[in-house]
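Enquirer: Next come a sequence and a model predicted from it.
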Amino acid sequence: MTESKEKGGVNLYDNAYGKLEESALKRVREETYGDDLGQSGWTTRDEYERFFTLLKLTERSHVLDVACGSGNPTLFMAQTIGCRVTGMDINRNGIAAARKLSEERGLASRATFLEADASSRLPFEDEAFDSVICIDAIIHLQDRPAALREWTRVLRTGGRLLFTDPTVVTGLVSYSELTVRSSIGYYVFAPPGENEKLINTAGLELLSREDSTPNMSRVSERWRDARSRHRQELVGMEGEANFDGLQRFLSTVHALAKEQRLSRFQFLCKKQ
């Protein structure tokens, strides 16, 4: 993920990435997602595989994964498709885990990971990638218009971009709910139609927009419940205050998604 927790907030990503191989976290992921790809968000294996199809990936593709986290889903892409992947994230623990995993899986020749801030100019040449993907992380970038322009710049003409936004405001949300929902990092909440406007301004063609809020509702509920079953081990790793904070976060995500007050949308775009 592109942003670490705010001061006084709740730590999700440092633990998720730095302690990726801990048995308790593995069991939580298995119980949450069914297939453990090392995720720390709202995406299941089926959804990832559908993303690959929407992006029209082949073994000749070179894909940029913005905010790749631990790199596990990025490596799953490389293993499944046979393509080249470049992952970037601001979290040092995530990039360290990604590099270690790529070596262990014999994918270092096709997978590159770098620690970089996705909210700044990207360290790549123009039209360097066939596809760009960013899952649930655009919400952490302070300047979304600039980020979309950068993604467009590094994408080849005719290439495809897919990103998800899990905090589109589609109902009434209280201040306290927004506070809990943004307790794990810096957040930007968008009104309906804002992403579509920015996509057009960036010089991209919007191919499709899909509502994947139900998936976020299901995953957040399963994640919260799985963590509850492994409370003792997780409290030993995270501390009680952080454990309880993450449980409040997941409960709030679930309630807002179930009631469709904060929704998750998937945007598929093409560089014109």
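Expert: Perfect, thanks for sending it.

Enquirer: going forward, measure contacts between C-alpha atoms and count neighbours the same way
Expert: Noted.

Enquirer: ranges for the strands of the stretch 1-150 of the chain?
Expert: 62-66, 84-89, 111-115, 129-134 (DSSP state E, counting those that start in this stretch).

Enquirer: An error on my part: the question was meant for the stretch 151-272 of the chain.
Expert: Counting by DSSP E, counting those that start in this stretch, one finds strands in the stretch 151-272 of the chain at the ranges 155-169, 204-211, 262-271.

Enquirer: Where does pLDDT dip in this structure?
Expert: Within the chain, the segments meeting pLDDT under 70 span 1-8.

Enquirer: Would you tell me which helix is longest in it?
Expert: helix 240-258 (DSSP state H).

Enquirer: Now it: buried residues?
Expert: For helix 240-258, the neighbour count (16 or more other Cα atoms under 10 Å) marks 242-258 as buried.

Enquirer: do stretch 187-206 as well
Expert: 187, 190, 195, 198, 199, 202, 203, 204, 205, 206.

Enquirer: picking that back up, can you list the strands of the stretch 151-272 of the chain in CSV and add distance to residue 118?
Expert: Shown next, in CSV, are those (distance: least, Cα to Cα, whole Å):
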stretch, distance to residue 118
strand 155-169, 14
strand 204-211, 19
strand 262-271, 18
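
Enquirer: For the protein, identify the residue most remote from the centre.
Expert: Residue farthest from the centre of the chain, counting by Cα atoms, centre = their mean, is residue 232 at 27.2 Å.

Enquirer: pretty sure residue 75 contacts residue 100?
Expert: No: judged on Cα atoms under 8 Å, residue 75 makes no contact with residue 100 at a distance of 11.3 Å.

Enquirer: So these two - more neighbours on which side?
Expert: Counted by other Cα atoms under 10 Å, residue 75 and residue 100 do not tie: residue 75 has more neighbours, with 28 against 13.

Enquirer: Distance check, the more buried one against residue 144.
Expert: Distance of residue 75 to residue 144, computed by Cα to Cα, to the nearest Å: 26 Å.

Enquirer: one step back: distance from the chain centre to the longest helix of the chain, please.
Expert: The chain centre lies 17 Å from the centre of helix 240-258; the measure is Cα atoms, centre = their mean, to the nearest Å.
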